[in-house]
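S.K.: this is a predicted model, with the sequence first.
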Amino acid sequence: MKKGILIAGLVLVAVGSVLLLGALIGSGFNLTKFETGGTKTAVYPVDRPFSRIEITEYESNVQLLPSADGSAGVVYTGNEKVSYTVSVEDGTLKIRAEDNRAWYERWGLFRATPSTAVYLPADQYDALIVYGRTGTVFIPERFTFGTVFINVTTGNIICRASANDSLTIRGKSGNVNLENARAGSVNLTTSTGRITVCSVVCKGEFSTRCTTGDTSLVDLTCQSLLSNVSTGSVILQNTVAADSFLIQGGTGSVVLDDCDAGRITVKVSTGDVTGTLRTAKIFYAHTSTGRVRVPDTNSGGRCEITTSTGDVTFRIAGD
């Protein structure tokens, strides 16, 4: 009896696989043709001036783009039952998604990711605020804001824009990328994902916090740096702080390559700490299990390195 049920099950699986393959061939392997629910492209023009932008999204990729004709507007491509409220209130362009689908309509096979394009006529604005649940947020290098605040639950965040005051990016599940930007202060946070920074100038404090994932900072200049990682590596390359580095980690290595700061503090539980610094430091290094190899110098700022399990290896460039 059991053998017969097993054979019947295998036959049904085989038949289903053949039908699925036939459907895929018939669609030219375009999986979006199997999406449940209709799709649309909707245009929302904006005819009033604004200096601030606030976007609230649910499950769409969001991208800011320069306007080709000098007019502002929003273009959404996605499910036909998702609409937008686009208005200008007290000088703020407010873009809010309205999802009118029933709960069972939110599930389906091979769904294409919706996209929301925000076309902006100017290059500078007072503020940008983005709240997202699922999707990638992309802010290009062309734009400059007074302040930037981006918070996305699930999705990657790529920011190349500058902020004269503060730039804050928060993610829970996804990567955070900050590139080719200038800011007064920077705060980057992600729970599960990587933090990647490249070619950034920060006038004040630059801080990162990552629960699970690596942090990579390349070509960064700031007043002070604070980096905290629970599980993952911290890699700094060509990174300079006028005041101090404070790097705290749980499990993972720390690498400082061609870096410098007036004062350096690195504290990790498990992992090697290695580095090449530009100027001499007075080293205070300790490891419970491992070896310590640092220059025997008596000038420069304080460099305190502590790891429970791992080696400590540092040198001064040119020595």
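M.R.: Received the coordinates, thanks.

S.K.: where does pLDDT dip in this structure?
M.R.: Counting by pLDDT under 70, the chain has low-confidence residues at 1-37, 100-112.

S.K.: what domains does the record give for this structure?
M.R.: 24-174, 204-319 (automatic domain parsing).

S.K.: save the ones you listed as TSV, and put in mean neighbour count and distance to residue 193 too.
M.R.: The C-beta positions use only the backbone N, C-alpha and C, and glycine is treated the same way. As requested, the domains of the chain are exported to TSV (neighbours: other Cβ atoms under 10 Å; distance: least, Cβ to Cβ, whole Å):
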stretch	mean neighbour count	distance to residue 193
domain 24-174	17	5
domain 204-319	18	5
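
S.K.: among these, which is nearest residue 190?
M.R.: Nearest of the domains of the chain to residue 190, taken as Cβ to Cβ: domain 24-174 at 4.3 Å.

S.K.: from the chain's centroid, how far away is the closest one?
M.R.: 16 Å (Cα atoms, centre = their mean, to the nearest Å).

S.K.: for residue 194, find the nearest of the domains of the chain.
M.R.: Judged by Cβ to Cβ, the one of these that comes nearest to residue 194 is domain 204-319, at 4.5 Å.

S.K.: first vs last residue of the closest one, how far apart are they?
M.R.: End-to-end distance of domain 204-319 (Cα to Cα, to the nearest Å): 31 Å.

S.K.: so can I have JSON lines of the domains of the chain showing distance to residue 180?
M.R.: Formatted as JSON lines, these follow (distance: least, Cβ to Cβ, whole Å):
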{"stretch": "domain 24-174", "distance to residue 180": "5"}
{"stretch": "domain 204-319", "distance to residue 180": "10"}
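
S.K.: mind listing the strands for the stretch 201-319 of the chain?
M.R.: 205-212, 215-231, 234-251, 254-270, 273-277, 281-289, 292-293, 301-309, 312-316 (DSSP state E, counting those that start in this stretch).

S.K.: reformat these as TSV; add distance to residue 170.
M.R.: Converted to TSV, the strands of the stretch 201-319 of the chain look like this (distance: least, Cβ to Cβ, whole Å):
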stretch	distance to residue 170
strand 205-212	9
strand 215-231	14
strand 234-251	19
strand 254-270	23
strand 273-277	28
strand 281-289	33
strand 292-293	37
strand 301-309	29
strand 312-316	33
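
S.K.: how about the contacts made by the residue nearest to residue 319 when sequence neighbours are not counted?
M.R.: Nearest residue to residue 319, sequence neighbours excluded (Cβ to Cβ, 6 or more residues apart in numbering): residue 295, at 6.5 Å. By Cβ atoms under 8 Å, 6 or more residues apart in numbering, the contact set of residue 295 is 280, 281, 283, 314, 315, 316, 319.

S.K.: look up phi and psi at residue 295.
M.R.: Residue 295 has phi and psi values of phi -60, psi 150 when expressed as degrees, to the nearest 10.

S.K.: gap between it and residue 283?
M.R.: Distance of residue 295 to residue 283, computed by Cβ to Cβ, to the nearest Å: 7 Å.

S.K.: and for these two, which residues touch both?
M.R.: By Cβ under 8 Å, 6+ apart, residue 295 and residue 283 have these common neighbours: residue 314.

S.K.: residue 199 versus the closest residue to residue 242 other than its chain neighbours, what's the distance?
M.R.: For residue 242, ignoring the flanking residues on the chain, the nearest one in space by Cβ to Cβ, 6+ apart is residue 223 at 5.3 Å. Distance of residue 223 to residue 199, given as Cβ to Cβ: 17 Å.
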